[in-house]
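Visitor: Quick one: sequence plus predicted model below, questions after.
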Amino acid sequence: MTELPHSERDSAVLPEDLAGFVQANLGWMMGVALRILMEKGHAEDAVQMAFSRILDKAGDFDGRGSLKGWMHRIVINEALMLRRKINSRRELDIDALQPQFDGGGCRLDPALTDQVTPEQLLESAQTVQAVTMAIRSLPEDYRIVVCLRDIEGLSTREVSDHLGLSETNVKVRLHRARAALRTLLEELRLEGQL
Amino acid sequence: MNDKSHRTLRKKARSVMFRMPLMMSCSDLELKIDDYLAADLSWQERMKFELHLKVCRECRAYLAAYNRTIALTGALFDVPYEQLGMGQVSQSLVQEILDKNARK
């Protein structure tokens, strides 16, 4: 992470500073955009727009929060704006992935335990791919909520504002998405892929 | 007693137990998981939730897997772009960004 390539508000951007700034931030910004948009080409478009926005609005950064946090919100905004223009895709049935209960309200899921930490698991490229694919297979309305809330770390209120949903609706979608992901990931674990 | 009849008996016992005062069913617990994890339950609800966990191994296992799912998903935030299966960040993209913004 480098400083914004403006020494002061409204000052000119020096080309060498800009190159370093772009190089230093491009990777993580592409990661954010890719998680939201899921296609490299779309992610590149969003990141280009985000850089333009960041440089246009550099004078608006008041220094109260972290620069990366401010840029993170801009990338998310740009990726979400682009997402609204992109068509839908094949999705799983989220209902089929919800937990099952018998007539007395008792859980029917098999008992499972875990032994390694998520960080250890994600050291494997295969696991990163498996988790990424599981998230991608969720219906878009659910995937985007889990992405913004659990990966990008936005609050329920922020997700609600970005997506134009009530906070209750965000919570319901988040819970159903997490429950569906749990089913998908536990299946992968039982198959030895995690 | 064989495995099947043992499971049936256990299931019936749980079903009766979960209808007792201060107990909640597994399906009720499911609805409160996120509030529990966010520490948004009242102390009475939290007590009921934890009491259920003490007697229900299925829900203990479920909650562990649910937590693990949230942690696994959240851990993606720190995975570098290059490991997301899309190759390297293209250098031509860097140049495009520079060209587009150089004169700002």
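Guide: Great, that's in hand. All of these numbers come straight from a predicted model, not from anything done at the bench. Numbers count the residues shown, from 1 in each chain, chains lettered A, B, ... in the order given.

Visitor: wait, residue A:127 sits on residue A:194?
Guide: Yes. Counting by Cβ atoms under 8 Å, residue A:127 touches residue A:194, with 5.8 Å between them. All C-beta atoms are positioned from the backbone trio N, CA, C, and that covers glycine.

Visitor: Any regions of chain A where pLDDT drops low?
Guide: Judged by pLDDT under 70, chain A has its weakly predicted residues at A:1-16, A:87-91, A:109-121, A:123.

Visitor: Check chain B too.
Guide: For chain B, the stretches with pLDDT under 70 are B:1, B:20, B:103-104.

Visitor: The residue in it positioned nearest to chain A: neighbouring residues, count only.
Guide: As assessed by Cβ to the nearest Cβ, chain A sits closest to residue B:25 within chain B, at 2.9 Å. Using other Cβ atoms under 10 Å in any protein chain shown, residue B:25 has 22 other residues around it.

Visitor: Enumerate every residue touching it.
Guide: Counting by Cβ atoms under 8 Å, 6 or more residues apart in numbering or on different chains, residue B:25 makes contact with A:101, A:104-106, B:18-19, B:52.

Visitor: could you redo the last one with a cut-off of 7 Å?
Guide: Contact partners of residue B:25, counting by Cβ atoms under 7 Å, 6 or more residues apart in numbering or on different chains, are A:104-106, B:18.

Visitor: Can you add secondary structure and give these back as CSV?
Guide: Listed next are those as CSV, based on DSSP: H, G, I helix; E, B strand; the rest coil:
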residue, secondary structure
A:104, coil
A:105, coil
A:106, coil
B:18, coil
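
Visitor: As JSON lines, the residues you listed with neighbour count and distance to residue A:181 would be great.
Guide: Formatted as JSON lines, the contacts of residue B:25 follow (neighbours: other Cβ atoms under 10 Å in any protein chain shown; distance: Cβ to Cβ, whole Å):
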{"residue": "A:104", "neighbour count": "16", "distance to residue A:181": "27"}
{"residue": "A:105", "neighbour count": "17", "distance to residue A:181": "23"}
{"residue": "A:106", "neighbour count": "21", "distance to residue A:181": "23"}
{"residue": "B:18", "neighbour count": "20", "distance to residue A:181": "26"}
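
Visitor: Could you save those residues as CSV and add columns showing distance to residue B:8?
Guide: Below are the contacts of residue B:25 laid out as CSV (distance: Cβ to Cβ, whole Å):
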residue, distance to residue B:8
A:104, 12
A:105, 17
A:106, 12
B:18, 16
